[in-house]
Every structure is written in C-alpha cells, then in structure tokens.
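Engineer: Here's a sequence, model it:
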Amino acid sequence: MVGTAAANAGMTECRVVLVSSQLVDPVNRWSLVRGILNTINTGFFHAEGMMDFKAQGEQMLRESGVASWTILRPGRLTNGEAGSSGVVSMGQTNASFGGGGSPLTRADLATVAVVTAFAPEARNTTVEIGTDAKTDMQPLDGRELFGSLRKDPVPTGRNSEYWSRLQ
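Structural biologist: Just a heads-up that it's a prediction; the model follows:
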C-alpha cells in the first residue's frame with residue numbers, strides 16, 4: 001500500500017525500504033522455523049499465515065510501480081545498544097543467512113535501513129542480513145554492503161493474485 005501511494009503521488013526520487021524477515025520466501029515452506037512463525041498470528045488451521053503475508057507484501061512492493069525500493073530480511077532480532085551486533089553482512093539466499101549466528105539489535109537494523117535508503121547500490125534489491133558478534137561493528141558503507149549483490153527482476157504491472165484481494 002505504501003509503495004502504491006508513493007507511486008500514485010509521483011514520488012520517483014524516494015526509496016521505500018521494507019523490513020521483512022528471513023525465511024519469508026515460499027521456497028522455505030517446509031522450514032520448521034518458518035512453519036512456527038507462519039502460525040503465530042493465524043493458528044495452525046489456516047491456509048496462509050504471517051510469513052505468507054510478508055511474502056505477498058514483498059511481491060506487491062515489487063509490482064507497485066515505485067521506482068526505487070529495497071527489501072531487508074533480517075534474522076533474529078533483539079534489544080540492545082546501537083553498534084553491539086557485530087559485523088553486518090548481506091546475502092541473497094532466500095533462506096536463512098548468517099548460519100543462525102548472532103542476533104541483530106533493532107537499533108542496528110534501523111541503522112542498516114537508513115544506510116539502505118541512501119545507497120544507490122541498494123536499489124531494487126532483496127537481501128538477507130546476518131551478523132557476526134565476534135568482531136566489532138564497523139561503520140556501514142552502502143557501496144560495500146550492496147555493491148556485489150544482484151538486482152531483483154522488476155515486474156511490469158501488477159501480475160500477482162494478491163492485488164485482487166484488495167478490491
């Protein structure tokens with residue numbers, strides 16, 4: 001919805017940063033962790049759950065017409081001081097990234113989101129975020145974080161079935 005509103009308002013010079021979560025991609029449908037997270041809000045006896053809805057939201061952002069967006073998929077989040085998560089790394093696995101390593105603090109996720117909003121290299125990219133608490137967090141550089149990652153294919157039009165549910 002945010003992406004559509006931005007596109008309808010003619011906002012072409014902004015970037016929408018969506019914070020989702022690891023294991024959202026439907027290829028992880030049989031992951032135990034995804035299964036548990038998928039049923040937290042909806043219970044066991046529904047065809048779709050929280051992780052499915054997040055995957056739908058990601059696809060709707062891609063199809064929204066917004067010129068620039070980035071989807072961040074952090075793993076385990078925790079409370080803590082900014083800069084306490086360790087070294088932040090990015091990957092594109094559509095699964096768990098970082099080997100179930102250290103949790104990412106919400107403060108550090110906010111820092112990553114701000115860096116993402118201003119990094120041209122992050123445009124139209126979906127990434128999983130991992131951390132390594134064994135080493136101290138370094139200043140984040142968008143070019144370094146996103147420079148080697150591939151761009152998502154940008155759909156033309158609203159092709160997914162999710163749009164019909166909004167009407």
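
Engineer: hey, let's count contacts and neighbours off CA atoms from now on
Structural biologist: Fine.

Engineer: For the most centrally placed residue in the chain, grab phi and psi.
Structural biologist: When Cα atoms, centre = their mean is applied to the chain, the residue found nearest the centroid is residue 72 (2.5 Å). Main-chain dihedrals, residue 72, degrees, to the nearest 10: phi -100, psi 130.

Engineer: Likewise for residue 62?
Structural biologist: Dihedral angles (degrees, to the nearest 10) for residue 62: phi -60, psi -40.

Engineer: same question, residue 70
Structural biologist: Dihedral angles for residue 70 - degrees, to the nearest 10 - are phi -140, psi 140.

Engineer: just to revisit the earlier point, in contact with the residue nearest to the centre of the chain, which residues?
Structural biologist: By Cα atoms under 8 Å, 6 or more residues apart in numbering, the residues touching residue 72 are 17, 18, 19, 20, 21, 113, 126, 127, 128, 129.

Engineer: and residue 100, what pLDDT?
Structural biologist: With respect to pLDDT, residue 100 has a value of 53.

Engineer: If you could redo that for residue 13, that was the one I meant.
Structural biologist: The model's pLDDT for residue 13 equals 65.

Engineer: and which of the contacts of residue 72 is nearest residue 140?
Structural biologist: residue 113 (10.7 Å; Cα to Cα).

Engineer: Could you look up the SS state of that closest one?
Structural biologist: helix (DSSP: H, G, I helix; E, B strand; the rest coil).

Engineer: repeat for residue 35
Structural biologist: helix.

Engineer: looking at this protein, which helix or strand does the model trust least?
Structural biologist: When the helices and strands of the chain are scored by mean pLDDT, DSSP states H and E, helix 2-8 comes last with a mean of 61.

Engineer: returning to what we had before: can you list the contacts of residue 72 in a markdown table and add secondary structure?
Structural biologist: Shown next, in a markdown table, are those (three-state DSSP):
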| residue | secondary structure |
| --- | --- |
| 17 | strand |
| 18 | strand |
| 19 | strand |
| 20 | coil |
| 21 | coil |
| 113 | helix |
| 126 | strand |
| 127 | strand |
| 128 | strand |
| 129 | strand |
